[in-house]
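**Student:** model this:
(one chain, ligands or ions: 1)
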Amino acid sequence: MTTTEGPGNSSGASSTGVSSIRSSPSLSDLEQRVAARRERPAYGHDALITCDRLVRIFTTDGVEVQALQGLDLLVREGELLALVGASGSGKSTLMNILAGLDEPTAGAAKVAGRDLLTMGAKERLRYRREVVGFVWQQTSRNLLPYLTASQNVALPMQLRGGGVRIGGSAGSGRKRSRRAARAAELLDLLGVADCRDRRPRQMSGGQQQRVAIAVALANEPAVVFADEPTGELDSHTGEQIFAAFRTANEQLGTTVVIVTHDQAVAQEVRRTVAIRDGRTSTEVLRHTRIDEATGQESLVSREYAMLDRAGRLQLPAEYTDSLGMRDRVLLGLEQDHIQVRPDDQER
Ligand SMILES: Nc1ncnc2c1ncn2[C@@H]1O[C@H](COP(=O)(O)OP(=O)(O)OP(=O)(O)O)[C@@H](O)[C@H]1O
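**Tutor:** Sure, this is the predicted structure:
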């Protein structure tokens with residue numbers, strides 16, 4: 001008898017009693033599987049953000065760069081999520097697409113029910129004003145230099161309500177005071193109430209970023225995207241900015257997605273998704289465990305690899321490197337896991 005090791009035919013599997021899993025399915029088994037698959041909800045049906053096999057190819061001087069190579073990501077309403085990854089892995093490309101500033105080459109992307117591929121120019125503008133808020137790394141990109149903090153926060157509300165009126169009626173006066181009241185509330189919530197009448201150059205970098213978060217929140221967006229919001233700040237100020245995002249998430253229920261290089265920030269959130277070569281590769285989930293005997297709390301974190309719908313899995317480079325795995329590996333189906341081993345026939 002010849003035994004071939006590899007996907008679909010593992011000697012390890014048969015020796016541990018998995019053969020029943022392997023036996024040929026009957027016609028009715030196949031029919032049941034097809035029916036179950038048909039009834040399964042669509043990918044991302046209950047997610048606020050759905051990226052489905054997202055591809056973005058840039059072509060410069062005839063050279064193609066695949067910045068996103070079939071990226072899958074689901075984010076649920078109310079999450080505070082960190083996106084991490086090496087330089088060039090595709091984080092900013094993804095953020096620009098989700099922010100409605102760039103369009104994917106292929107795949108699907110939906111945010112709060114809006115399809116980012118089919119949106120027209122008008123809808124895209126409304127999406128950027130009303131559905132999402134952003135905070136960028138460069139503090140100068142977030143605020144208008146000639147407006148005060150309060151005016152900066154009121155501006156998105158003003159733009160949403162239609163043109164800016166000079167002079168205005170009693171109605172527009174009431175609107176203006178409502179906008180000013182909301183701006184004051186947000187600045188207070190984020191701990192920068194004292195900056196209300198200051199222009200950006202009269203504030204520190206950290207204060208400017210907190211005001212920027214207030215601007216992003218002004219129109220009660222479904223989600224706030226932040227691309228390296230602590231990148232230009234020292235670590236202490238970075239922590240304050242992160243605390244402001246957490247406040248927005250916990251107190252206003254806003255979903256927040258933060259791209260960061262900052263390990264301290266990445267470890268503060270319940271979910272960190274790593275992007276590698278334009279795809280989501282691993283994910284760390286953290287939760288608090290309370291010891292029943294002592295009542296002591298501890299943070300438990302678990303790292304997962306992402307399995308896409310085509311069955312593709314990215315193994316962490318440190319794992320494959322340490323075992324010298326490349327090109328071809330041996331797979332074995334076990335009772336409750338899948339083995340991946342170096343190819344012992346190599347060489
Ligand atoms: N407009 C563009 N034209 C051509 N190539 C681009 C463009 N934008 C990004 N790229 C390329 O796409 C890839 C992903 O870039 P991206 O900026 O998304 O990475 P990143 O993970 O955000 O990196 P960093 O952490 O350094 O900001 C890189 O190879 C980059 O050079």
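
**Student:** ok, which residues in the stretch 1-150 of the chain are in contact with the ligand?
**Tutor:** Within the stretch 1-150 of the chain, the positions near the ligand by CB under 6 Å from any ligand atom are Phe58, Thr60, Val65, Ala67, Gly85, Ser87, Gly88, Ser89, Gly90, Lys91, Ser92, Thr93. From N, CA and C alone the C-beta is placed, and that goes for glycine too.

**Student:** isn't Gln314 right up against Met306?
**Tutor:** Yes: applying CB atoms under 8 Å, one finds Gln314 in contact with Met306, separated by 7.1 Å.

**Student:** residues shared between the contacts of those two?
**Tutor:** Both Gln314 and Met306 are contacted by Arg279, Ser281, Thr282, under the criterion CB atoms under 8 Å, 6 or more residues apart in numbering.

**Student:** Among these, which ones are in helices?
**Tutor:** Secondary structure from DSSP state H places none of the shared contacts of Gln314 and Met306 in helices.

**Student:** which of these lies closest to Arg174?
**Tutor:** Arg174 lies nearest to Arg279 out of the shared contacts of Gln314 and Met306, by CB to CB, at 50.1 Å.

**Student:** Correct me if wrong: that closest one contacts Ala67.
**Tutor:** No: shown here, Arg279 and Ala67 do not form a contact pair, counting by CB under 8 Å, at 10.9 Å.

**Student:** Between those two, point out the one with more neighbours.
**Tutor:** In this view Arg279 and Ala67 are compared by other CB atoms under 10 Å, and Ala67 has more residues nearby, 25 against 22.

**Student:** Regarding that one, what is its secondary structure?
**Tutor:** Assigned with DSSP: H, G, I helix; E, B strand; the rest coil, Ala67 falls in the strand class.

**Student:** Just give the closest residue to it, not the sequence neighbours.
**Tutor:** Thr93 (4.1 Å; CB to CB, 6 or more residues apart in numbering).

**Student:** A strand includes that neighbour, no?
**Tutor:** No: under three-state DSSP, Thr93 falls outside any strand and is assigned helix.

**Student:** would you list every one of the strands in the stretch 51-200 of the chain?
**Tutor:** Ranges of strands within the stretch 51-200 of the chain are 63-75, 80-84, 106-111, 114-115, 132-135, based on DSSP state E, counting those that start in this stretch.

**Student:** Can you give me the neighbour number for the residue in the stretch 101-250 of the chain that the ligand sits nearest to?
**Tutor:** Among the residues of the stretch 101-250 of the chain, Glu228 lies nearest to the ligand; the distance is 7.1 Å by CB to the nearest ligand atom. By other CB under 10 Å, 20 other residues sit near Glu228.

**Student:** try Ala214
**Tutor:** With other CB under 10 Å as criterion, Ala214 counts 30.

**Student:** Does it touch Ala184 like I think?
**Tutor:** No: shown here, Ala214 and Ala184 do not form a contact pair, counting by CB under 8 Å, at 9.8 Å.

**Student:** just to revisit the earlier point, in contact with the residue of the stretch 101-250 of the chain closest to the ligand, which residues?
**Tutor:** Trp136, Gln137, Val259, Thr260, His261.

**Student:** 6 Å - rerun?
**Tutor:** Gln137, Val259 (CB atoms under 6 Å, 6 or more residues apart in numbering).

**Student:** which residues of the protein score low on pLDDT?
**Tutor:** 1-23, 40-44, 162-171, 346-347 (pLDDT under 70).

**Student:** Could you export the lengthiest helix in it as CSV, CA atoms only?
**Tutor:** Ranked by residue count under DSSP H, the longest helix found in the chain is helix 170-189. Taking Å, rounded to 0.1, in the frame of the first residue of the first chain, the C-alpha atoms of helix 170-189 are listed here in CSV:
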residue,chain,number,x,y,z
ALA,A,170,-33.3,83.7,13.7
GLY,A,171,-33.5,80.0,12.6
SER,A,172,-29.8,79.9,11.5
GLY,A,173,-28.9,81.6,14.8
ARG,A,174,-30.5,78.8,16.7
LYS,A,175,-28.7,76.3,14.5
ARG,A,176,-25.4,78.1,15.2
SER,A,177,-25.9,78.0,18.9
ARG,A,178,-26.8,74.3,18.7
ARG,A,179,-23.6,73.6,16.8
ALA,A,180,-21.5,75.6,19.3
ALA,A,181,-23.1,73.7,22.2
ARG,A,182,-22.3,70.3,20.6
ALA,A,183,-18.7,71.5,19.8
ALA,A,184,-18.3,72.6,23.5
GLU,A,185,-19.7,69.2,24.7
LEU,A,186,-17.3,67.2,22.5
LEU,A,187,-14.3,69.4,23.5
ASP,A,188,-15.2,68.9,27.1
LEU,A,189,-15.6,65.1,26.7
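
**Student:** Great, nothing more from me.
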